[in-house]
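Visitor: sequence and predicted model, in that order:
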There are 2 protein chains.
Amino acid sequence: MGDSQYFQAYEDLEIHEIMLRDRPRQEAYCNAITSNAAMFKDKVVLDVGAGTGILSIFCARAGAKTVYAVEASNLAAIAVDVVRENSLTPIIKVIQQRIEDFELPPTIDKVDIIVSEWMGFYLLHEGMLDSVIFARNKFLRPGGRMFPETAAIYVAPCSVPALFDYWDNVDGVKMQSFAQLLRAKRSSKPEILTIGKEDLLHEGIVMSWIDLHEVSPEDLDEISLKEVVPVRRDGSYQGLCIWFDCQFPTHDPDGGIVFSTSPKSPQTHWKQCIVVLPSNACEDVTKGEPIAFGLVMKRNPNDRRKYNIEMSLLDSAEVEHPLPCDCIMTKCILTKAHLATMEVDN
Amino acid sequence: MGDSQYFQAYEDLEIHEIMLRDRPRQEAYCNAITSNAAMFKDKVVLDVGAGTGILSIFCARAGAKTVYAVEASNLAAIAVDVVRENSLTPIIKVIQQRIEDFELPPTIDKVDIIVSEWMGFYLLHEGMLDSVIFARNKFLRPGGRMFPETAAIYVAPCSVPALFDYWDNVDGVKMQSFAQLLRAKRSSKPEILTIGKEDLLHEGIVMSWIDLHEVSPEDLDEISLKEVVPVRRDGSYQGLCIWFDCQFPTHDPDGGIVFSTSPKSPQTHWKQCIVVLPSNACEDVTKGEPIAFGLVMKRNPNDRRKYNIEMSLLDSAEVEHPLPCDCIMTKCILTKAHLATMEVDN
């Protein structure tokens, strides 16, 4: 969709209702900003895609001197009301403008902190990160902070009971012919749905790790992975599960606040993104068995805000395994034993 | 929407996916049919709006001799496959036809049992009950059974935290200006959403009780209620909650299987139907306080399958109270005391 449609969608109050009622999302941003009050004290903050203004309010409450809440859609008018309701009008300047058209007032050179909630399904859907990068390049002072400051995309082989096993026995009735149609109707694109942590066949590998201080839009044009992972438990291999997490700045040496959309974390409105295997590619796997696959996320040439996701099934005998590898292929068991011996020898 | 659109909607696999994964729905029908196997043994059954055929399969499993599974949409083709998958093709005859056009084979005069899952939001939305009544009048033998056989619509004053109280304090931020827009956008029609049992201000009164053996389509043209109810606990009066339940035939003198969409029952895909009060009509109420209201459900003149729902706020001092009434109005307390005295005297 073009820019106008994109901003139109964001004017939909119900999307914001869902986001504002997404407790893990709200708590992550609220805690990240509140627990870092020292970083915000007397600082100038830019909120990119401010929506209803709630992140700007968190920043003002944390002690920011000025917050520029830039929102392209008509939601800006709502943000003005919400800011007024919280008596923060002197601190938060709501500006209805695309960030690409926004200019800081002449008296302000740069901002100290950029906050934004830009994450889409499988992290990159909607491509709002491009606007955040634009804002960082143009407005963030050297040494300024990004909230969040890193993000990572994970992938793991998984079972998808909602599209497979549930239909083996619906109150005693076999419904695989129905399930087959369900899957056929959805095979053209990844599914946004929730799976349980018990459906994961592996703890997940990092497909992409993004440093918000460094990343460029070109880095996001194509992300790809070719991997072999050992299955952690017996189960049905029916798809790939993609999720993401984000990390916020911290003074805490033990690490800061991580917001995660993993199946192991409390459910969010992002759910998980599942690439479902064709039925004839599904297989029962046993603990230790290697699964090899390729995954490519590439910008849709007709709409940079969207991605095409392509999965390829690879032969685990032909793909290079990591060193050491936990899988049960003879080569990997021998290599691992050899490496362990060397470790003992040292 | 017209008939063609109506049937189109039912072809949407995802609607059926939601219904088939609605555990309370599935369990109620499965238990009602399975636990009444004696009623089904060697009987002829008609499944009105058979969808994917699952109810027909329950009936065949319970011992039915023949099941006519009548489904107007293309889903009939899926039902054929599902029936075959369960090796019940000899027993279940799937017919793609509107029930109004369907004819039993010449050798069969009437059916013994009609099963159907015809319930819509607030019971009557979609108006499929008209087709079930048509089927009953034309095909059910005298003394035949309806599954379900009764249904009731309930209404109770309630709180609606998702549209009111949540927005008083979203992680410390006041967002009533946002909530006001949310409500304004939704004030034109009742909301389908879930409330908690703790949000009910009363256990509910019966707005309509329907005997599936007797009801006519005209009985469903308009259903209305004028009522005063005493509030059971202190709380915020923000809307009326409408839900329904259905009861299945039973040999059990203690009553049979009731399927309920009450806020007190496990959540179903019907959720509840909430008529939200305008903000200026909301009020804090205390235990025993009377709430008076009128509620009318009337068929939409442009689409008999839909209803217009109108609520009116009444003055509890001007409406006739039940006898006895539990409310705290002086008149009711005195009347109740007087009635209690008479009871003791008897």
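Guide: Ah, there it is. Residues are numbered from 1 along each chain as shown, chains lettered A, B, ... in the order given.
Visitor: buried stuff in the biggest helix by length in chain A?
Guide: The residue-count maximum for a helix in chain A (DSSP state H) belongs to helix A:330-345. Neighbour counts over helix A:330-345 (16 or more other C-beta atoms under 10 Å in any protein chain shown) mark A:Cys332 as buried. C-beta coordinates here come from the backbone N, C-alpha and C atoms, glycine included.
Visitor: same question, stretch A:27-39
Guide: A:Ala28, A:Tyr29, A:Cys30, A:Asn31, A:Ala32, A:Ile33, A:Thr34, A:Ser35, A:Asn36, A:Met39.
Visitor: centre of the chain to that stretch, how far?
Guide: 19 Å (C-alpha atoms, centre = their mean, to the nearest Å).
Visitor: quick check: mean pLDDT across that stretch?
Guide: Stretch A:27-39 carries an average pLDDT of 96.
Visitor: which residues does it contact?
Guide: Applying C-beta atoms under 8 Å, 6 or more residues apart in numbering or on different chains, the contact partners of stretch A:27-39 are A:40, A:54-55, A:58-59, A:61-63, A:113, A:115, A:117, A:145, A:147-148, A:246, A:248-251, A:256-259, B:171-172.
Visitor: what are the buried residues along the host helix or strand of A:Phe178?
Guide: Here A:Phe178, judged by DSSP states H and E, is contained in helix A:176-186. Neighbour counts over helix A:176-186 (16+ other C-beta under 10 Å) mark A:Gln176, A:Ser177, A:Phe178, A:Ala179, A:Gln180, A:Leu181, A:Leu182, A:Arg183, A:Arg186 as buried.
Visitor: can you tell me the closest non-neighbouring residue to the residue in the stretch 151-300 of chain A positioned nearest to chain B?
Guide: As assessed by C-beta to the nearest C-beta, chain B sits closest to A:Ser177 within the stretch 151-300 of chain A, at 3.7 Å. Leaving aside its chain neighbours, A:Ser177 sits nearest to B:Asp81 (3.7 Å; criterion: C-beta to C-beta, 6 or more residues apart in numbering or on different chains).
Visitor: rewinding a little: how far does the longest helix of chain A sit from its chain's centre?
Guide: 36 Å.
Visitor: which outside residues touch that helix?
Guide: Contacts of helix A:330-345 (C-beta under 8 Å, 6+ apart): A:Pro290, A:His321, A:Leu323, A:Pro324, A:Cys325, A:Asp326.
Visitor: most surrounded residue in these?
Guide: Looking at these with neighbours defined as other C-beta atoms under 10 Å in any protein chain shown, the largest count falls to A:Pro290 at 22 neighbours.
Visitor: now it: how far from A:Cys241?
Guide: 18 Å (C-beta to C-beta, to the nearest Å).
Visitor: spatially nearest residue to A:Gly255 (excluding sequence neighbours)?
Guide: That would be A:Gln247: by C-beta to C-beta, 6+ apart, it lies 7.7 Å from A:Gly255.
Visitor: give the contact list for that neighbour.
Guide: A:Gln247 neighbours (C-beta under 8 Å, 6+ apart): A:Pro148, A:Glu149, A:Thr150, A:Ala151, A:Gly255, A:Gly256, A:Ile257, A:Val258, A:Phe259.
Visitor: check A:Gly2 and give its pLDDT.
Guide: Reported pLDDT at A:Gly2 in the predicted model: 48.
Visitor: which residues touch A:Ile223?
Guide: So A:Ile223 contacts A:Leu124, A:Ile153, A:Met207, A:Ser208, A:Val296, A:Met297, A:Lys298 (C-beta under 8 Å, 6+ apart).
Visitor: which parts of the stretch 51-200 of chain A are strands?
Guide: A:66-71, A:92-96, A:111-115, A:140-147, A:150-158, A:191-193 (DSSP state E, counting those that start in this stretch).
Visitor: which other residues reach the first one?
Guide: Counting by C-beta under 8 Å, 6+ apart, strand A:66-71 makes contact with A:44-51, A:53, A:56, A:59-60, A:76, A:79, A:83, A:91-97, A:99, A:102, A:104, A:108, A:111, A:135, all of which sit outside it.
Visitor: can you pull the residues of the stretch 1-150 of chain A lying near chain B?
Guide: A:13-14, A:16-17, A:20-21, A:26-27, A:30, A:52, A:54, A:57-58, A:61, A:78, A:81-82, A:84-86 (C-beta under 8 Å from any C-beta of the partner chain).
Visitor: pretty sure A:Ile54 is in contact with B:Trp167, am I right?
Guide: No. Using C-beta atoms under 8 Å, A:Ile54 is not in contact with B:Trp167, being 11.1 Å away.
Visitor: looking at the two, which one has more neighbours?
Guide: A:Ile54 (28 against 24).
Visitor: against B:Glu71, how distant is the nearest residue to A:Met175 once chain neighbours are set aside?
Guide: Take A:Met175 and drop its neighbours on the chain: the residue closest to it by C-beta to C-beta, 6+ apart is A:Trp167, 4.4 Å away. Applying C-beta to C-beta, the value for A:Trp167 to B:Glu71 is 19 Å.
Visitor: the residue nearest the centre of chain A pairs with what?
Guide: With distances taken as C-alpha atoms, centre = their mean, A:Leu123 lies nearest the centre of chain A, 3.0 Å away. Taking DSSP bridges as the rule, A:Leu123 bridges to A:Gly120.
Visitor: pLDDT wise, what is it at?
Guide: Listed pLDDT for A:Leu123 reads 95.
Visitor: still on that earlier bit, worst average pLDDT in the strands of the stretch 51-200 of chain A?
Guide: strand A:191-193 (a mean of 93).
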